[in-house]
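# I'll drop the sequence and a predicted model, then ask my questions.
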There are 2 protein chains.
Amino acid sequence: MKIAMLQFDPSFGETNKNLDRIQEALTGRSADLVVLPELCTTGYQFIDRAEAASLAEPADGKSAGRLAEIAGCCQAHLVAGFAEKSGGKIFNSAILVSSQGTVGVYRKVHLFSEEKNLFAPGDLGFRVFPVGNVPVGIMICFDWIFPESARSLSTAGAWVIAHPANLVLPFCQSAMVTRALENRVFTVTCNRTGQENRVEGISYRFTGSSRMVAPDGTVLAQGAAGDTEVISVEIDPDLAGNKQITKNNHILEDRRPDQYRLS
Amino acid sequence: MKIAMLQFDPSFGETNKNLDRIQEALTGRSADLVVLPELCTTGYQFIDRAEAASLAEPADGKSAGRLAEIAGCCQAHLVAGFAEKSGGKIFNSAILVSSQGTVGVYRKVHLFSEEKNLFAPGDLGFRVFPVGNVPVGIMICFDWIFPESARSLSTAGAWVIAHPANLVLPFCQSAMVTRALENRVFTVTCNRTGQENRVEGISYRFTGSSRMVAPDGTVLAQGAAGDTEVISVEIDPDLAGNKQITKNNHILEDRRPDQYRLS
């Protein structure tokens, strides 16, 4: 299975231009799965909820259609972050699309900072979708700091966690080694680059350094801090199907929920 | 609050000698809390359950008494790993002792590899005990790889996680940065050094490098890989009482159990 991350610097509010850039970057490439950043069609820093609403789209809207076309050209599945409009609410979501259209949607469960003023909290839980024979789960950016996110995906059967991000703090990339190890999954954190400064007094510099990690904690690939790049890695997904860390220890079956205090 | 870790190389089966070494290393020092390694009174690699039983003691036994004496000399609380005999079972446990005696017991919930043939799985959950005004939780070694361990301690109110260890894998020390960050707690991993080779074909080399981490992910102190040493750090425990990571994000209250899949 070939997995790619397209790390770039979306232009705020210019959905068509961003989709053109994605198409251009992926043209002539092939991969089974391409992960794009969070909110990669719109940019990140909406001034208010009305602005977010004006750029949000349904999960089977025009941008989803263009992403499906791009998926068709690359014979890939794509995971892309976007602002989703649904039932009068706006979500910070990511879709999985194939050439046939939208396969699944994830709505960000843990909203970061000002996002709480813009988006409704995700209401679909943590879900897993097939990409070929490989179960792929999705979480978005700040979800990383809650171990419950990746854990929920791995108990749902994920072997690969697609993780679109707009990271501004420096801790996530290292922590993804822990997330991969503790669940024995592949993690694919595709982080945007660049800077946004659309709200007085709140400047965001996105940290790039997109990172793919193997179930044994090996960092398989890492992007630069500031460059637009496509980073591809061939993985053996079956490694994530083996949850034994010793002959006596199974990373999921050794959990002991009756001893935990998690509610 | 002053926290110390005593990293050393216990001699297998020589409980009195190990307690003498602990006493000697701590004499003349003062700390509020001293964390010692897992199974620090007996050593690690029991040949079989009968041998573990022969070296195990009750949580208020002779070794606990000597640890309380040592605690008295240092005006400290100690957390020490030991083999616990209770109700016909043997547990891989850790006690918290003050000069007054045993304050609390934790029994390792996640047993590693061959430990499953020696010990009963912990049955007391993850608990928090006061050290002065500071709530201290205990987990042991391999518990680290299950994020549920540190999470259960932090939801139980822990500000400091005392983490006696006999680590043989290289991943834990880095992962403790994630454990500290995701719970905004201090973590104190006291790992033993040396080697044991008591069972044909199973040799353990313990990785030392004991590590203390702050709630913001800063590594406050780290031991060498192979030395016996006492490492002390003065911390401000209140930092772990503040669970806001942004003005809008509380690391525990932002959890969304209704969206998780953890059972």
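Yep, that arrived. Residues are numbered from 1 along each chain as shown, chains lettered A, B, ... in the order given.

# show me what contacts the residue in chain A that chain B sits nearest to?
Residue of chain A nearest chain B, by Cβ to the nearest Cβ: residue A:147 (3.4 Å). In short, each C-beta sits where N, CA and C put it, glycine included. Each residue near residue A:147 by Cβ atoms under 8 Å, 6 or more residues apart in numbering or on different chains is listed here: A:179, A:182, B:147-148, B:151, B:182.

# Please identify which of the residues you listed is nearest to residue B:87.
Proximity to residue B:87 was ranked across those by Cβ to Cβ; first place goes to residue B:148, at 25.3 Å.

# picking up where we left off before, now the residue of chain A closest to chain B, what are its backbone angles?
Dihedral pair for residue A:147: phi -60, psi -20, per degrees, to the nearest 10.

# Which pLDDT value does the model give it?
Per-residue pLDDT puts residue A:147 at 98.

# try residue A:227
Taking residue A:227 on its own, its pLDDT is 88.

# Next: residue A:263.
pLDDT, read off for residue A:263, is 84.

# In three-state terms, label it for me.
Under the three-state scheme (DSSP: H, G, I helix; E, B strand; the rest coil), residue A:263 adopts coil.

# try residue A:135
strand.

# residues touching it, list them.
Here residue A:135 is in contact with A:128-129, A:156-160 (Cβ under 8 Å, 6+ apart).

# restrict these to those near chain B?
residue A:156 (Cβ under 8 Å from any Cβ of the partner chain).

# Filter the contacts of residue A:135 down to just the buried residues.
Buried members of the contacts of residue A:135, counted by 16 or more other Cβ atoms under 10 Å in any protein chain shown: A:128-129, A:157-160.

# Can you redo those as a markdown table, where the extra columns are secondary structure, pLDDT and distance to residue A:191?
Formatted as a markdown table, these follow (DSSP: H, G, I helix; E, B strand; the rest coil; pLDDT from 0 to 100; distance: Cβ to Cβ, whole Å):
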| residue | secondary structure | pLDDT | distance to residue A:191 |
| --- | --- | --- | --- |
| A:128 | strand | 98 | 22 |
| A:129 | strand | 98 | 22 |
| A:157 | coil | 98 | 25 |
| A:158 | coil | 98 | 19 |
| A:159 | coil | 98 | 21 |
| A:160 | strand | 98 | 17 |
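
# hmm, back to that, and of the contacts of residue A:147, the nearest to residue A:99?
Nearest member of the contacts of residue A:147 to residue A:99, counting by Cβ to Cβ, is residue A:179, at 29.9 Å.

# Considering the contacts of residue A:147, which possesses the most neighbours?
Per-residue neighbour counts (other Cβ atoms under 10 Å in any protein chain shown) across the contacts of residue A:147 peak at residue A:179, which has 30 neighbours.

# for it, helix, strand, or coil?
helix.

# pretty sure it is in contact with residue A:144, am I right?
Yes - the pair residue A:179 / residue A:144 is scored as a contact, 6.6 Å apart, by Cβ atoms under 8 Å.

# what touches both of the two?
residue A:150.

# On the three-state scheme, residue A:65 is what?
Classification of residue A:65 by three-state DSSP places it in helix.

# List the residues that contact it.
By Cβ under 8 Å, 6+ apart, the neighbours of residue A:65 are residue A:101.

# And for residue A:181?
Neighbouring residues of residue A:181 by Cβ under 8 Å, 6+ apart: A:215-217, B:145, B:171, B:175.

# which of the residues you listed tops the neighbour count?
residue A:215 (27 neighbours).

# before we move on, which element is it in?
Assigned by DSSP states H and E, residue A:215 belongs to no helix or strand.

# for the closest residue to it other than its chain neighbours, what are its contacts?
Take residue A:215 and drop its neighbours on the chain: the residue closest to it by Cβ to Cβ, 6 or more residues apart in numbering or on different chains is residue A:184, 4.0 Å away. Applying Cβ under 8 Å, 6+ apart, we find residue A:184 in contact with A:154, A:215-216, A:239-240, A:242-243, A:245, A:251.

# pLDDT score for residue A:184?
Per-residue pLDDT puts residue A:184 at 98.

# can you check the one 10 residues further on too?
Residue A:194 is assigned a pLDDT of 97 by the prediction.

# Close to chain B: what parts of the stretch 151-263 of chain A are there?
A:151-152, A:155-156, A:171, A:174-175, A:177-179, A:181-182, A:217, A:245-249, A:251, A:254-257, A:259-263.

# Out of the residues you listed, which sit inside strands?
Among those, the ones falling in strands (DSSP state E) are A:245-246, A:249.

# Separate out the buried members of these.
Of these, these count as buried by 16+ other Cβ under 10 Å: A:245, A:249.

# for the ones in strands among the residues of the stretch 151-263 of chain A next to chain B, which one is nearest residue B:104?
When these are compared for distance to residue B:104 (Cβ to Cβ), residue A:249 wins out at 26.6 Å.

# who's in contact with the closest residue to residue A:245 other than its chain neighbours?
Nearest non-adjacent residue to residue A:245, counting by Cβ to Cβ, 6+ apart: residue A:251, 5.6 Å away. Each residue near residue A:251 by Cβ under 8 Å, 6+ apart is listed here: A:182-184, A:243-245, B:145.

# from the residues you listed, which is closest to residue A:84?
residue A:183 (26.1 Å).

# Tell me who's in contact with that closest one.
Contact analysis of residue A:183 by Cβ under 8 Å, 6+ apart lists A:150-151, A:153-154, A:158, A:161, A:215, A:251-252.

# try 6 Å
By Cβ atoms under 6 Å, 6 or more residues apart in numbering or on different chains, residue A:183 lies in contact with A:150, A:154.
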